[in-house]
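Colleague: here you go, sequence then predicted model.
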2 protein chains.
Amino acid sequence: MSLAPFLEGCRRRVDDRLAELVPPPGHPPGVVTRPLHFALTSPGKRIRPALLFAVGGLFKAKDESLLDTACAVEMIHASSLVFDDLPSMDAADLRRGRPTVHKQFGEAMAILAGLDLLHRAFGVLAAEASRRRGYPLAEMVTLLSGAIGVSGVVGGQAVDLTSEPAGVDLATLEFIHSHKTGALFIAAAEAGGLLAGARPAERTAIVNYAKNLGLAFQITDDLLDAVGTPESTGKTTGLDRNKATFVSFLGIEGARRLAGELTGFAEECLAPFGDRGELLVSLARFVRDRSS
Amino acid sequence: MSLAPFLEGCRRRVDDRLAELVPPPGHPPGVVTRPLHFALTSPGKRIRPALLFAVGGLFKAKDESLLDTACAVEMIHASSLVFDDLPSMDAADLRRGRPTVHKQFGEAMAILAGLDLLHRAFGVLAAEASRRRGYPLAEMVTLLSGAIGVSGVVGGQAVDLTSEPAGVDLATLEFIHSHKTGALFIAAAEAGGLLAGARPAERTAIVNYAKNLGLAFQITDDLLDAVGTPESTGKTTGLDRNKATFVSFLGIEGARRLAGELTGFAEECLAPFGDRGELLVSLARFVRDRSS
């Protein structure tokens, strides 16, 4: 299967199911279900769910056994964007071509919607476990909880926000982004492997693939921020101008080269899977090329 | 067992265990583990864990089988306080005799610490399930996730923040607080019953007890805000002066009377348990009397 229809199929399946997993906009109390819905239905690529589906598919899991877990991952991601964009964090006005959630609904309601999405994600996993015999709930909750906390997204964001740009070296920058972006990529891939019953060695290969992919994704995000416009990227650009980024360290060409190297490493991790890894190879190339 | 040593024992056990369940303050990244620790070690009463222990004990569960779940409930509560106190929410400067988390560490780090606590709570439940055969993880995650989301704390807070004081009637006020405060009381009590293997009819009685207790707790909170000083209550008082509260509706005496009625109802729910419900009766009276 080629990548574009695969991504489009994932996006549609996830968006349809997400709409069922949250109260409709306006369901009381509407002051919080409207921003909740807004945060979740933003026109994103749903790349983390796609990664979960691609990894699960590699090990022959059926799509329907992956769907709700993929939706939980997307809820956590959507929630993290709501928090990242807040005035006390990155202070962004625009996201995926629309106002950010706090710009549209105010800060308090944005925070409450973000909190609901987080808990809801765990509730979705629990509901799935109640329906599916043998669902690895404890492992899945551990995986996603760890990806968000101090040792994951939260830890990366904390270091990002409190580092003086002048004091950030490339190692710190890698720490920030391997946590802030990488952790949820890795968790999504691990979740796919876990649900599909992949063996430990296979899961290690997949984690290494996702690590490289996540970091490459962040670098291409930096590139889009540096070279893109709000019209082309759908979000506030130039926010990073006073921040240490891969572009500020390496320049545009250097950052592009690094993204290429990392997605190359990601592809190498797939060697044990031969032709079966084709979709994940295409995904890595898609990430590499999205900023060119 | 009389109430005071029971409460003190719960508090000590929970605080000791919480210290083991989070990274020590200063563990990297310290910018977020310090506020995390600060939020969690505030000198509170740990009344929700105590409720969980008392209900579990009523059905003969051993304390050690309840401890980590009680800690997860306290993490969620501590997290909800961090968010409630934020400038965009209740804008409180003082909590339990100390600066609020955002006052001490800034808004961004407070939010990140609050987020970590929330996920960590689910991680703690998952770890407990991995250790204890037969731990009802799916039910527990469903219970706590639901208590926090739109149908629980988040929903109550959303309505609270967006209601014009003049437009709030007593029914709305009850909606707000049965969600904002009541939901986590009910979840704590339900968790105790679930872990102890209480039967459905018993669990219904306990839920009704906790509903009344939670609302009474909120009313006595309003009373403390109205009649207390920051010195006596350890938090910013008078925040509610321009808000609809049980005191603004019913006056001091009326609010006291209602708290007494509700704790009376709570006691009645315990009738099926006879003398075994003694500790929960004492807990209800403690809540009733804490503002006098």
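Modeller: In hand now; what should we look at?

Colleague: alpha carbons only for contacts and neighbour counts from here, please
Modeller: Noted.

Colleague: so which residue is dead centre in chain A?
Modeller: Centroid-nearest residue in chain A: A:Arg48, 4.7 Å away (criterion: CA atoms, centre = their mean).

Colleague: pLDDT on the helix or strand where that residue lies, on average?
Modeller: Secondary structure assignment for A:Arg48, by DSSP states H and E: helix A:47-58. Taken as a whole, helix A:47-58 carries a mean pLDDT of 98.

Colleague: same for it, what does it pack against?
Modeller: Helix A:47-58 sits against helix A:3-21, helix A:67-84, helix A:182-195, helix A:278-289, with contacts defined as 3 or more CA pairs under 8 Å, 6 or more residues apart in numbering or on different chains; DSSP states H and E.

Colleague: if you set the cut-off to 10 Å instead, what comes out?
Modeller: With contacts taken as 3 or more CA pairs under 10 Å, 6 or more residues apart in numbering or on different chains; DSSP states H and E, helix A:47-58 sits against helix A:3-21, helix A:67-84, helix A:182-195, helix A:200-227, helix A:278-289.

Colleague: those: which one's closest to A:Thr41?
Modeller: helix A:3-21 (7.2 Å; CA to CA).

Colleague: picking up where we left off before, so of the helices and strands packed on helix A:47-58, which one's packed in deepest?
Modeller: Neighbour counts averaged per stretch over these are highest for helix A:182-195, at a mean of 27; criterion: mean count of other CA atoms under 10 Å in any protein chain shown.

Colleague: about what we covered before: can I get the helices and strands packed on helix A:47-58 in CSV including mean pLDDT and distance to chain B?
Modeller: CSV is the format used below for the helices and strands packed on helix A:47-58 (pLDDT from 0 to 100; distance: least, CA to the nearest CA, whole Å):
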stretch, mean pLDDT, distance to chain B
helix A:3-21, 97, 13
helix A:67-84, 97, 8
helix A:182-195, 98, 13
helix A:200-227, 94, 18
helix A:278-289, 96, 28
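
Colleague: for these, give me CSV that also has distance to A:Val31.
Modeller: Formatted as CSV, those follow (distance: least, CA to CA, whole Å):
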stretch, distance to A:Val31
helix A:3-21, 18
helix A:67-84, 16
helix A:182-195, 29
helix A:200-227, 32
helix A:278-289, 36
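
Colleague: coming back round to it: give me the angle between the helix holding A:Arg48 and helix A:67-84.
Modeller: For helix A:47-58 against helix A:67-84, the angle by axes from the mean of the first three to the mean of the last three CA atoms, to 10 degrees is 160 degrees.

Colleague: ok, the residue nearest to the centre of chain A to chain B distance?
Modeller: According to CA to the nearest CA, to the nearest Å, A:Arg48 and chain B sit 19 Å apart.

Colleague: do A:Gly57 as well
Modeller: 26 Å.

Colleague: surely that residue and A:Asp63 touch.
Modeller: Yes - judged on CA atoms under 10 Å, A:Gly57 makes contact with A:Asp63 at a distance of 7.4 Å.

Colleague: okay, those two: which has more neighbours?
Modeller: A:Gly57 (19 against 16; other CA atoms under 10 Å in any protein chain shown).

Colleague: give me every residue that touches the more buried one.
Modeller: Residues in contact with A:Gly57, defined by CA atoms under 10 Å, 6 or more residues apart in numbering or on different chains, are A:51, A:63, A:66, A:192-193, A:196, A:276-277, A:279.

Colleague: as TSV, those residues with distance to B:Ser88 would be great.
Modeller: Shown next, in TSV, are the contacts of A:Gly57 (distance: CA to CA, whole Å):
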residue	distance to B:Ser88
A:Leu51	36
A:Asp63	41
A:Leu66	37
A:Gly192	38
A:Gly193	40
A:Ala196	43
A:Arg276	50
A:Gly277	47
A:Leu279	45
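
Colleague: pick out the residue of the stretch 151-292 of chain A closest to chain B.
Modeller: A:Val154 (5.8 Å; CA to the nearest CA).

Colleague: okay, now that residue: neighbour count?
Modeller: 29.

Colleague: ok, it touching B:Leu115?
Modeller: Yes - contact criterion CA under 10 Å: A:Val154 and B:Leu115 qualify, at 7.5 Å.

Colleague: quick one: common contacting residues for these two?
Modeller: Joint contacts of A:Val154 and B:Leu115 (CA under 10 Å, 6+ apart) are A:80, A:148, B:109.

Colleague: so what's the last one up against?
Modeller: Read it as B:Met109. Contacts of B:Met109 (CA under 10 Å, 6+ apart): A:88-89, A:154, A:157-159, A:161-162, B:31-36, B:101-102, B:115.

Colleague: of those residues, just the buried ones, PyMOL syntax please.
Modeller: This is the PyMOL syntax for the buried subset of those, where burial follows 16 or more other CA atoms under 10 Å in any protein chain shown:
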select buried, (chain A and resi 89+154+157+158+159+161) or (chain B and resi 31+32+33+34+35+36+101+102+115)
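
Colleague: and the contacts of B:Met109, which of them are in helices?
Modeller: A:154, A:157-159, A:161-162, B:31-36, B:101-102, B:115 (DSSP state H).

Colleague: looking at those, which is nearest A:Arg290?
Modeller: Of the ones in helices among the contacts of B:Met109, the one sitting nearest to A:Arg290 (CA to CA) turns out to be A:Gln157, at 23.6 Å.

Colleague: now the nearest residue to the closest one once chain neighbours are set aside: how far from B:Gly123?
Modeller: Take A:Gln157 and drop its neighbours on the chain: the residue closest to it by CA to CA, 6 or more residues apart in numbering or on different chains is A:Lys180, 5.7 Å away. Using CA to CA, to the nearest Å, we find A:Lys180 at a distance of 19 Å from B:Gly123.

Colleague: A:Leu250 now?
Modeller: 38 Å.

Colleague: next: A:Val22.
Modeller: Distance from A:Val22 to B:Gly123, by CA to CA: 23 Å.

Colleague: neighbour count winner among these two?
Modeller: Using other CA under 10 Å, the more surrounded residue of A:Val22 and B:Gly123 is B:Gly123, with 24 against 19.

Colleague: just after the helix or strand hosting that one, pick out the following helix or strand.
Modeller: Here B:Gly123 sits within helix B:107-131, counting by DSSP H and E. Using DSSP H and E, the next helix or strand after helix B:107-131 towards the C-terminus is helix B:137-148.

Colleague: give me the angle between that following helix and helix A:137-148.
Modeller: Using the same axes, to 10 degrees: helix B:137-148 against helix A:137-148 is 40 degrees.

Colleague: can you add distance to B:Thr245 and give the shared contacts of A:Val154 and B:Leu115 back as a markdown table?
Modeller: A markdown table is the format used below for those (distance: CA to CA, whole Å):
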| residue | distance to B:Thr245 |
| --- | --- |
| A:Ser80 | 33 |
| A:Ile148 | 36 |
| B:Met109 | 31 |
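
Colleague: closest to A:Ser292 out of these?
Modeller: Out of the shared contacts of A:Val154 and B:Leu115, the member with the shortest distance to A:Ser292 (by CA to CA) is A:Ser80, at 26.3 Å.

Colleague: which residues are in contact with the residue lying closest to that closest one once chain neighbours are set aside?
Modeller: Here the nearest residue to A:Ser80 in space, its sequence neighbours aside, is A:Gly114; by CA to CA, 6+ apart that works out to 7.3 Å. The contact partners of A:Gly114, taken as CA under 10 Å, 6+ apart, are A:32, A:35-36, A:39-40, A:75-83, A:101, A:108, A:120, B:115, B:149, B:154.

Colleague: per-residue pLDDT of A:Gly114, please?
Modeller: For A:Gly114, the pLDDT comes out at 97.

Colleague: measure it to B:Ile148 for me?
Modeller: 12 Å.

Colleague: overlap in contacts of those two?
Modeller: Common contact partners of A:Gly114 and B:Ile148 (CA under 10 Å, 6+ apart): A:120, B:154.

Colleague: how near is A:Asp63 to A:Pro136?
Modeller: Per CA to CA, A:Asp63 is found 16 Å from A:Pro136.
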